Structure formats: structure tokens, C-alpha cells
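Visitor: Predicted coordinates and the sequence they were generated for:
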Amino acid sequence: MIVGLVIYGHLEIVTGGFLYDRMLVEHLRSCGDTVEIFPLPWRTYGRHLLDNASSRFWRALSGARLDVLLQDELNHPSLFIGNRLLKRNAGYPIVSIVHHLRCSEQRAAWKNRLYGIVERDYLSRVDGYVFNSATTRSTVEELIGSCNRSVIAYPGRDAGSPPPSVNRISQESLEPGPLRILFVGSLIQRKELHTLLMALARLPLDAWKLDVVGSLESDPDYVAMIHRIVETQAIGKNVRMLGVLDRQGLIERYGQNQFLAVPSSYEGFGIVYLEAMGFGLPCLAGNVGAAREIVTPGKDGFLVTPGNIDSIAGYVDQLIRDRDMLQNMSLAALDRYAVHPTWHDSAEKIRNFLSEMVK
């Protein structure tokens, strides 16, 4: 197959959505398919709307000799008008890779209504859908109705990495001292780091440590607020802001901590939870979105209502006080990871779907 892919920026951007796209591209190319990337500059939402008037970009797409065109749904503001022209002039189907909808995030209702209008228009005009979770598919169907030509392909686990030793995980979960907590994610409002910090501030300072991994540049105002919370709550000695780490650095953080806490207000999937489980880390996640498809409350983690400081503090306190509980949850996290599809499984599922689309 000859496959096109429309994305913002480039495939090496460090987020779960770009990892998904990158792993798919690598699999397609390893199977002998040709993948041509059509990048768009990453700008503000308003400026993305202007991409619809870019004659140069649309001429390139219309003239491309493709069997199928993939579009990351994140790019919807740049595509929702131009796709109408493309569907008239191009002879290939358009398939959207949907990680999660912008209009499903927590923000002012009027803003989500506007985003929903644009996303509904975009999604109703493509020919097929690749969903990263059943939750994402349900969210899209609530917006536009039935999505008949679609496939659900979960972000995968890494089959090539040897699993950590069960004995090591058991021993580390029982180690005395502060509970070693990890947060991994962009420092933006949706990830709820501010809520986590306020919850941890209620607990004894000698009972926990927190490593924060994520870009300090995604939202400067939010990062400034995080620094203010750390300062006003006098928890600076307990919190390490590590910024963006390369893959090896992130692996080391997973291996050196005991518990992942990312109480996000919404996740279309939440690759970080799956990755953490692969290192034996139980996970605390938000109960809105697809984290519910990964985390089983009380078994391999906890689910909390977004913004609920009391619940977060209570669950962390349980693990601080009960290391046997932490041990059991850590081993359950390893078991959950082991039964999840691999990247190869998921990417091959998508490839088979695309092959059917081009017949």
C-alpha cells in the first residue's frame, strides 16, 4: 500500500498520540508499505483553521498517488473544510486516527460547543476511523452517530522488553521509607498535576517523594501555577521537576519509583498507565475517559473523580501505610500489562483494516 499521513509537527514529538502514530508508521514500512508524511506546522487553534485555505497543501494532497490517506484527528481544525475538496478530487479514502476529542476535555461549555461543531463536521466527512479505545469510539458516536467503517486498536505494550523480575518488584514494593511516586505527562491543566500536589501536601512530608516528568514549556502559565503551589505548600524538598526525558531516562524513572499518579481529567487512552504497569507500578488515574479500560480499581490501581483532592490523598495514604497492599497491586499491574496487545498486534490490526478500505 501507499499510505499518506497528515500530522502536526513531526513524529518524534513525545506524547502518547505521536507514539501511536510513529509505531503504526514503523510497522507499515516494515511490511513493505510506503508511508508519505504530510506535515502541518503546529500553531494555535485559530491559525490552524487558516490551513484550510492553503492551496499549496491541498494541491499536494490532491495530486498525491495514494491508496489511502490517514489523518490524525488532532489536525481536524486544519482539515474540516479542505477535506470536502479533497473528497471530490482525490480517488482514495480518508481515514481518521482518533485519540480523543478536543470537545470532550474539561473547559468552559461554550468553548466545547464550538470545538464540537468543528469536530462533528470533520468526523462526519471522513470514510473510516481508527480508534485507540472503546471509550473514544463511544465518544465519537455520541457526536456523529454510528461509525460503521472503523477499528479499535489499543496502544500496545512493548513485546521486545524483558519483564522486570517479580522478585525485584515484590521486594521494592516492601521497601521502607517514603513512597516513591511518579507523574508523567505534559504539564497542562488536563493532567491535574495541581490536584495531585495539593493532595500530597496533606500527607506527612517524610512519607512520600514525587518525580515529575514532562515538558515545562507546554503551558507556561500552568507551570508557573505549579511552582507557586510547590512554594506555598512548602513541599519543594519532596518534588523533583525533571522536564522531558529521553526514553532511557524515562525507563530509569519507572524503575526507580513505586507508584504512578496521573489523575487526568480525561484520557482517550492513557499510554502512560500501561507503560507504568509494565514496570510493576500501580496507577492512580481519573475516572473519566479510557483509563477505566486499563486500571481496575483496588486491584492494579485507583480511579478518582477529577479534582477530588480528598480521594487522591486517601489512596496514597493507604499505600504509604500498607506496603502489602502495594505489593499485591504491583504484581497485579505486571499481570495486567502481560495480557495487553503488543504494538505489532495493534498495528497489524490497523493494517488489515486499511487493506479492506482500499479494496
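Guide: That came in fine, so what should we check first?

Visitor: From now on I want contacts and neighbour counts done on CA atoms only, so please keep to that.
Guide: Will do.

Visitor: Go ahead and produce CSV holding the CA coordinates of whichever strand or helix holds V223.
Guide: Assessed by DSSP states H and E, V223 sits inside helix 220-232. Provided in CSV are the C-alpha atoms of helix 220-232 (Å, rounded to 0.1, in the frame of the first residue of the first chain):
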residue,chain,number,x,y,z
PRO,A,220,3.9,28.5,30.8
ASP,A,221,1.1,29.9,32.9
TYR,A,222,0.2,26.5,34.2
VAL,A,223,3.8,25.7,35.0
ALA,A,224,4.0,29.0,36.9
MET,A,225,1.0,27.9,38.9
ILE,A,226,2.6,24.6,39.7
HIS,A,227,5.7,26.3,41.0
ARG,A,228,3.5,28.6,43.2
ILE,A,229,1.7,25.5,44.7
VAL,A,230,5.1,23.8,45.5
GLU,A,231,6.3,27.0,47.1
THR,A,232,3.2,27.9,49.1
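
Visitor: For that helix, what is the distance to the chain centroid?
Guide: 23 Å (Cα atoms, centre = their mean, to the nearest Å).

Visitor: next one: stretch 296-308
Guide: For stretch 296-308, the distance to the chain centre is 17 Å (Cα atoms, centre = their mean).

Visitor: Equivalent analysis for stretch 65-79, please.
Guide: 19 Å.

Visitor: other SSEs contacting the helix holding V223?
Guide: helix 193-200 (3 or more Cα pairs under 8 Å, 6 or more residues apart in numbering; DSSP states H and E).

Visitor: show me where pLDDT drops low in the stretch 251-359 of the chain?
Guide: For the stretch 251-359 of the chain, no stretch has pLDDT under 70.

Visitor: can you give me the strands in it?
Guide: Ranges of strands in the stretch 251-359 of the chain, per DSSP state E, counting those that start in this stretch, are 259-262, 283-286, 301-304.

Visitor: now the ones you listed in TSV, with mean neighbour count and distance to Y337?
Guide: Below are the strands of the stretch 251-359 of the chain laid out as TSV (neighbours: other Cα atoms under 10 Å; distance: least, Cα to Cα, whole Å):
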stretch	mean neighbour count	distance to Y337
strand 259-262	26	14
strand 283-286	30	12
strand 301-304	22	13
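
Visitor: Let me have these in CSV, adding distance to Y8 as columns.
Guide: As requested, the strands of the stretch 251-359 of the chain are exported to CSV (distance: least, Cα to Cα, whole Å):
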stretch, distance to Y8
strand 259-262, 25
strand 283-286, 27
strand 301-304, 32
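
Visitor: Any idea which of those strands gets closest to F18?
Guide: Proximity to F18 (Cα to Cα) singles out strand 259-262 among the strands of the stretch 251-359 of the chain, at 18.9 Å.

Visitor: Residues in contact with the closest one: which ones?
Guide: Outside strand 259-262, the residues that touch it by Cα atoms under 8 Å, 6 or more residues apart in numbering are 179-185, 191-193, 196, 273, 276, 281-286.

Visitor: Quickly run through the sheet partners of that strand, with directions.
Guide: Using DSSP bridges, strand 259-262 pairs in its sheet with strand 179-184 (parallel), strand 283-286 (parallel).

Visitor: Using a markdown table, lay out these together with distance to P162.
Guide: Listed next are the strands paired with strand 259-262 as a markdown table, based on distance: least, Cα to Cα, whole Å:
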| stretch | distance to P162 |
| --- | --- |
| strand 179-184 | 21 |
| strand 283-286 | 21 |
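
Visitor: and K209, which of these is closest to it?
Guide: Going by Cα to Cα, the one of the strands paired with strand 259-262 nearest K209 is strand 179-184, 5.1 Å.

Visitor: Please spell out which residues along that closest one are buried.
Guide: For strand 179-184, the neighbour count (16 or more other Cα atoms under 10 Å) marks 179-184 as buried.

Visitor: same question, stretch 203-220
Guide: When burial is assessed from 16+ other Cα under 10 Å, stretch 203-220 yields the following buried residues: 207-216.

Visitor: quick one on the thing from earlier: among the buried residues of strand 179-184, which pair sits farthest apart?
Guide: L179 and V184 (16.3 Å).

Visitor: need the strands for the stretch 101-250 of the chain, in chain order.
Guide: 128-131, 150-152, 179-184, 208-213, 239-243.

Visitor: Make TSV out of those and add mean pLDDT and distance to A333.
Guide: Converted to TSV, these look like this (pLDDT from 0 to 100; distance: least, Cα to Cα, whole Å):
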stretch	mean pLDDT	distance to A333
strand 128-131	97	24
strand 150-152	97	23
strand 179-184	98	15
strand 208-213	98	20
strand 239-243	96	25
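
Visitor: can you tell which of the ones you listed is closest to A60?
Guide: Shortest distance between A60 and the strands of the stretch 101-250 of the chain, using Cα to Cα, is found for strand 128-131: 21.4 Å.

Visitor: Quickly run through the sheet partners of the closest one, with directions.
Guide: Sheet partners by DSSP bridges: for strand 128-131, these are strand 94-98 (parallel), strand 150-152 (parallel).

Visitor: from the ones you listed, which stretch is densest packed?
Guide: Each of the strands paired with strand 128-131 was scored by mean neighbour count; the highest is strand 94-98, a mean of 23, by mean count of other Cα atoms under 10 Å.

Visitor: what does that strand rub up against?
Guide: The contact list for strand 94-98 (Cα under 8 Å, 6+ apart) reads 68-74, 123, 126-132, 136.

Visitor: Now find how far off-centre it is within its chain.
Guide: Distance, centroid of strand 94-98 to centroid of chain: 17 Å (Cα atoms, centre = their mean).
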